[in-house]
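S.K.: Could you work out the structure for the sequence below:
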Amino acid sequence: MTAPVLVIGEALVDIVSTRNGSGTGSGRNGKNGSKATPGGSPANVAVGLARLGLPTELVTRFGTDPYGDQLGAHLFGNGVQLSPGSVDPTFRTSTATATLDANGVASYQFDITWEPPALSLRRGCPAVHTGSIATVLEPGAAAIRTFLASLAEQPVTVTLDPNARPTITPDPESTWTAVRELAASADLVKLSDEDCEFLRPGASPDEIAAELLTVDRTKCVVITRGGDGAIGISRTARVEVSAPAIKVVDTVGAGDSFMSALIAGLQTRGLLGAVRLEGLDEQTLHDVIDYAVKAAAITCTRPGADPPTATDHTTTWG
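M.R.: Okay, the predicted model is just below:
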């Protein structure tokens with residue numbers, strides 16, 4: 001059996017409402033018409049990977065309260081393995097209140113505690129992914145930094161999606177310093193245009209990529225641009241990929257679907273593991289990003305963080 005991709009980070013429940021105070025429906029544990037759904041960027045990536053057919057293990061931490069039960073059922077139901085210690089009866093499950101604007105774009109307020117169980121690498125693991133709140137919120141962030149640094153000589157590809165949250169880390173300069181420290185331990189870094197605007201205001205995608213590509217390990221930077229698609233910049237190639245025209249329901253989880261499809265696309269092409277993205281030429285970079293952009297587009301046509309399966313992708317795009 002192929003060793004699973006290891007995903008590290010928060011699993012929480014999104015409580016979604018619109019700015020006018022009306023909810024998106026009456027969901028389990030919801031209040032005032034809001035809807036409570038499983039979420040958390042790393043957890044969404046893990047579900048996306050599993051739906052695309054990759055064995056996936058998630059290192060996270062949530063409780064056995066009703067929200068935790070909801071999370072566990074969602075993760076297990078989608079085929080995600082949980083690392084030992086991820087379910088802790090002494091732990092209160094974290095939440096994020098997501099407010100949608102008139103265009104379906106979400107903003108978040110968090111009630112979260114992050115302290116992961118022990119981190120270890122399974123033999124044969126092709127990739128480790130982390131990002132979002134888990135990489136900046138202590139005490140868990142320090143454990144992730146130490147763990148990623150320990151992988152320097154391991155035959156595993158490391159991917160990072162900082163997914164900046166200004167409500168948790170409001171100072172862009174110190175946050176960018178933390179991102180660069182983590183990026184030095186990553187082979188691929190994915191950022192959104194919103195991340196870039198917050199972390200490096202005024203800098204172009206190429207300038208940001210150049211900063212991150214100065215370290216030996218980092219070989220590729222991908223920057224998503226919402227409805228305008230994405231840019232991929234490696235040491236030898238630069239590509240721009242457009243996004244298909246769709247009717248947006250909301251953008252919740254779109255970046256996470258992009259990330260999981262990006263990892264899955266690299267795995268399909270044999271670019272994870274010991275090779276660490278060697279052989280990522282211009283055509284391959286374009287094709288992998290195109291696959292990821294289309295996965296994100298499917299998610300935007302659905303309410304909530306609902307990443308596509310491989311069959312969904314084939315059925316929609318052929």
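
S.K.: Going by C-alpha atoms from here, please, whenever you check contacts or count neighbours.
M.R.: OK.

S.K.: mind listing the helices for the protein?
M.R.: 41-51, 66-77, 140-149, 172-183, 193-199, 205-212, 254-268, 282-300, 310-317 (DSSP state H).

S.K.: Can you say which of the ones you listed is nearest to residue 12?
M.R.: Residue 12 lies closest to helix 66-77 among the helices of the chain, at 7.2 Å (Cα to Cα).

S.K.: What distance do you get for residue 99 to residue 126?
M.R.: 36 Å (Cα to Cα, to the nearest Å).

S.K.: sorry, back to before: can I get the helices of the chain in TSV including mean neighbour count, mean pLDDT and distance to residue 158?
M.R.: Shown next, in TSV, are the helices of the chain (neighbours: other Cα atoms under 10 Å; pLDDT from 0 to 100; distance: least, Cα to Cα, whole Å):
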stretch	mean neighbour count	mean pLDDT	distance to residue 158
helix 41-51	29	98	14
helix 66-77	18	97	22
helix 140-149	17	97	8
helix 172-183	18	95	9
helix 193-199	18	96	19
helix 205-212	17	96	14
helix 254-268	25	97	10
helix 282-300	23	97	16
helix 310-317	13	94	23
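
S.K.: residues in contact with the spatially most central residue of the chain?
M.R.: Nearest to the mean C-alpha position of the chain, by Cα atoms, centre = their mean, lies residue 256 at 4.0 Å. Neighbouring residues of residue 256 by Cα atoms under 8 Å, 6 or more residues apart in numbering: 41, 42, 44, 45, 48, 296.

S.K.: how about a cut-off of 7 Å?
M.R.: 41, 44, 45 (Cα atoms under 7 Å, 6 or more residues apart in numbering).

S.K.: Then residue 128?
M.R.: Applying Cα under 7 Å, 6+ apart, the residues near residue 128 are 5, 6, 7, 157, 158, 159.

S.K.: For beta bridges, what are the partners of the first one?
M.R.: Bridge pairing for residue 5 (DSSP bridges) gives the partners residue 56.

S.K.: give the contact list for it.
M.R.: For residue 5, the contact set (Cα under 7 Å, 6+ apart) comprises 55, 56, 57, 125, 126, 127, 128.

S.K.: Could you report the pLDDT at residue 32?
M.R.: As predicted, residue 32 sits at a pLDDT of 46.

S.K.: Identify the residues contacting residue 235.
M.R.: By Cα under 7 Å, 6+ apart, the neighbours of residue 235 are 219, 220.

S.K.: where's it relative to residue 157, distance?
M.R.: Distance of residue 235 to residue 157, computed by Cα to Cα: 16 Å.

S.K.: Also residue 203?
M.R.: Distance of residue 203 to residue 157, computed by Cα to Cα: 27 Å.

S.K.: Looking at those two, which one has more neighbours?
M.R.: Taking neighbours as other Cα atoms under 10 Å, residue 203 and residue 157 compare with residue 157 leading, 26 against 12.

S.K.: what's across from the more buried one in the sheet?
M.R.: Applying DSSP bridges, one finds that residue 157 bridges with residue 127.

S.K.: In TSV: the contacts of residue 128, plus pLDDT and distance to residue 285.
M.R.: Output for the contacts of residue 128, formatted as TSV (pLDDT from 0 to 100; distance: Cα to Cα, whole Å):
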residue	pLDDT	distance to residue 285
5	98	20
6	98	22
7	98	22
157	98	16
158	98	17
159	98	15
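
S.K.: For the residues you listed, which two are the farthest from each other?
M.R.: Taking Cα to Cα, the two most distant members of those are 7 and 157; they sit 11.8 Å apart.

S.K.: residues near the closest residue to residue 152 other than its chain neighbours, how many?
M.R.: Spatial nearest neighbour of residue 152, excluding adjacent residues (Cα to Cα, 6 or more residues apart in numbering): residue 185 at 6.9 Å. Here the number of neighbours of residue 185 (other Cα under 10 Å) works out to 25.

S.K.: And residue 185, how far from residue 212?
M.R.: Distance from residue 185 to residue 212, by Cα to Cα: 11 Å.

S.K.: With respect to residue 71, which of the contacts of residue 5 is nearest?
M.R.: residue 57 (14.5 Å).

S.K.: who's in contact with that closest one?
M.R.: Residues near residue 57 by Cα under 7 Å, 6+ apart: 4, 5, 6, 7, 80, 81, 82, 83.

S.K.: Scan those and report the most crowded one.
M.R.: residue 5 leads the contacts of residue 57 on contacts (other Cα under 10 Å) with 29 neighbours.
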